[in-house]
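Engineer: Got a sequence here, can you build the structure:
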Amino acid sequence: MEYRKLGRTGLDISLIGLGTMTWGLQNTQAQGFEQMDYALERGINFFDTAEMYAIPPSSKTFGTTETIIGNWFASRLNREKVILASKITGPGLPWIRDGNNIINKKNILLAVESSLKRLQTDYIDLYQLHWPNRGSYHFGQVWNYTPEFDAQAEQENFLEVLQTMQTLIQAGKIRHIGLSNETAWGMTKWLQVAERNNLPRMASIQNEYSLLCRLFEPDLSEIAIHEDCGLLAWSPLSRGILSGKYLNGARPEGARLTIETRAEHRTQPQTEAAVRKYVELAKRHELDACQMALAFVNSQPFVSSTLIGATNMEQLKNNIDSISIKLPTEINEEILKIRREHPMPY
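Structural biologist: Numbers count the residues shown, from 1 in each chain. As a prediction, this is how the structure comes out:
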């Protein structure tokens, strides 16, 4: 396994990180335990979860994934071997804190205590803001995202949040903080407010990034590199779409897109055209399509960890094995060509 720094924290996290959001819906607790055991054996020390998991989100599955992780900690007695990340949910889900779940002091304190209880731990290594109060261009919103907000009010909220995080860090309940689904403006302002007020600094940003979704480039990637606030790349296989298993309208039993209850913005004709090109490229070079896609993300200098998710052990093993693949110049040049032909598939 390869390890990279988590911002300026001094922590070394595995380049392959274990995503957990399927546990509690697509996966049972026993399957989650098996995945965690195997990941740890393979040198993965970074696990990512959130209070709102399992996914697709619902009031019935809220907090289930954290509970499974907590039960695993209690069973294995190995909390110190894992760098654990979780998240507070942003606004919009009516079953979380009665729908009044804006990210502020009150809700952070409530959310942290609840997560710690479910996780059966005294501390969370990286506590992240799942998406901004003002909304996000992720989750298919990029085409109509209109960033109209009171910038001064937002920064006042940033200050309140950072002061609250400082209190939690001093209490030993969290160690570091991070962003998720943020913009370049937001990322810059969070860093500025922290520096100006001598408050905890964002260590990372968790945004979507894959061969099909490269919105992180070039602006956010520049900030990530030069401000030591690296990317934790979620959905590096675009919900498994880059495997090619959904081509021609296929919907394998139990697969993510098969069970998804929400509209899927990634299933577009232009997406399928791009996926075909990437799958063909992998085959031509005798590579597994998923491993090629993950190796591409792993190779980016602004990436701190590539968050993989799997619903079975075969997928998990295959994804972790991508760590040993280094893409030659020829393949990277062909990837560039495909990207120019299909610059924004969804």
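
Engineer: right, and the secondary structure at T188 would be what?
Structural biologist: Judged by DSSP: H, G, I helix; E, B strand; the rest coil, the three-state class of T188 is helix.

Engineer: again with Q141
Structural biologist: When classified by three-state DSSP, Q141 comes out as coil.

Engineer: With Y38 instead?
Structural biologist: Strictly by three-state DSSP, Y38 counts as helix.

Engineer: so how far is N248 from it?
Structural biologist: Counting by Cβ to Cβ, to the nearest Å, the gap between Y38 and N248 amounts to 32 Å. Bear in mind the C-beta positions are built from the backbone N, C-alpha and C, glycine included.

Engineer: And for K87?
Structural biologist: K87 sits at a distance of 35 Å from N248 (criterion: Cβ to Cβ).

Engineer: for E334, same thing?
Structural biologist: From E334 across to N248, the span is 23 Å (Cβ to Cβ).

Engineer: Looking at those two, which is more packed in?
Structural biologist: E334 (17 against 7; other Cβ atoms under 10 Å).

Engineer: Contacts only, for the more buried one.
Structural biologist: Each residue near E334 by Cβ atoms under 8 Å, 6 or more residues apart in numbering is listed here: L281.

Engineer: what about it, which helix or strand?
Structural biologist: Assigned by DSSP states H and E, E334 belongs to helix 329-341.

Engineer: Equivalent analysis for A233, please.
Structural biologist: Using DSSP H and E, A233 maps to strand 230-233.

Engineer: and that strand, which strands flank it?
Structural biologist: Strand 230-233 has the following strand partners under DSSP bridges: strand 202-206 (parallel), strand 303-308 (parallel).

Engineer: possible to save these as CSV with distance to I69?
Structural biologist: Formatted as CSV, those follow (distance: least, Cβ to Cβ, whole Å):
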stretch, distance to I69
strand 202-206, 17
strand 303-308, 15
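
Engineer: Compare those and report which one is nearest to N45.
Structural biologist: N45 lies closest, by Cβ to Cβ, to one member of the strands paired with strand 230-233: strand 303-308, at 9.9 Å.

Engineer: pLDDT of the closest one, averaged?
Structural biologist: Throughout strand 303-308, pLDDT has a mean value of 98.

Engineer: Kindly report the same for stretch 130-149.
Structural biologist: What stretch 130-149 shows for mean pLDDT is 92.

Engineer: now stretch 178-198
Structural biologist: In the prediction, stretch 178-198 has an average pLDDT of 98.

Engineer: Quick check: buried residues in that stretch?
Structural biologist: 178-183, 186-191, 193-194 (16 or more other Cβ atoms under 10 Å).

Engineer: Show me the shaky parts of this structure.
Structural biologist: Counting by pLDDT under 70, the chain shows low-confidence ranges at 254-263.

Engineer: what's the spacing between the residue most central in space within the chain and H226?
Structural biologist: The centre of the chain sits closest to W234, judged by Cα atoms, centre = their mean, with a distance of 3.5 Å. Noted for W234: a distance of 22 Å to H226, by Cβ to Cβ.

Engineer: how about the helices of the chain, start to end?
Structural biologist: Ranges of helices in the chain, per DSSP state H, are 29-41, 64-76, 105-119, 151-170, 184-197, 219-226, 256-259, 269-284, 289-298, 313-320, 329-341.

Engineer: got the buried residues for the last one?
Structural biologist: Along helix 329-341, the positions that meet the burial threshold by neighbour count (16+ other Cβ under 10 Å) are I331, E334, I335, I338, R339.

Engineer: hang on, isn't the last one packed against R214?
Structural biologist: Yes. Assessed by Cβ atoms under 8 Å, R339 is found in contact with R214 at 7.1 Å.

Engineer: can you pull up the bridge partners for the residue nearest to the centre of the chain?
Structural biologist: Beta-bridge partners recorded for W234 (DSSP bridges): E208.

Engineer: And for I83?
Structural biologist: Applying DSSP bridges to I83 yields these beta-bridge partners: F46.

Engineer: out of everything not next to it in sequence, what's closest to H342?
Structural biologist: Spatially, and ignoring its direct neighbours in sequence, H342 is nearest to A274 (3.7 Å; Cβ to Cβ, 6 or more residues apart in numbering).

Engineer: My guess is that neighbour contacts L212. True?
Structural biologist: Yes. Using Cβ under 8 Å, A274 is in contact with L212, at 6.1 Å.

Engineer: Find residues that contact each of those two.
Structural biologist: Taking Cβ under 8 Å, 6+ apart as the criterion, A274 and L212 both touch P345.

Engineer: how about the strand holding A233 as CSV, C-alpha atoms only?
Structural biologist: The C-alpha trace of strand 230-233 is given here as CSV (Å, rounded to 0.1, in the frame of the first residue of the first chain):
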residue,chain,number,x,y,z
GLY,A,230,-5.7,17.2,-0.8
LEU,A,231,-8.6,15.5,-2.5
LEU,A,232,-10.4,12.5,-1.1
ALA,A,233,-11.9,11.2,-4.3
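
Engineer: Quick check: F47 touching M21?
Structural biologist: No. Here F47 does not reach M21: they are 11.3 Å apart, not a contact under Cβ under 8 Å.

Engineer: List the residues that contact A289.
Structural biologist: By Cβ under 8 Å, 6+ apart, the neighbours of A289 are L242, S243, G244, Y278, V279, A282, K283.
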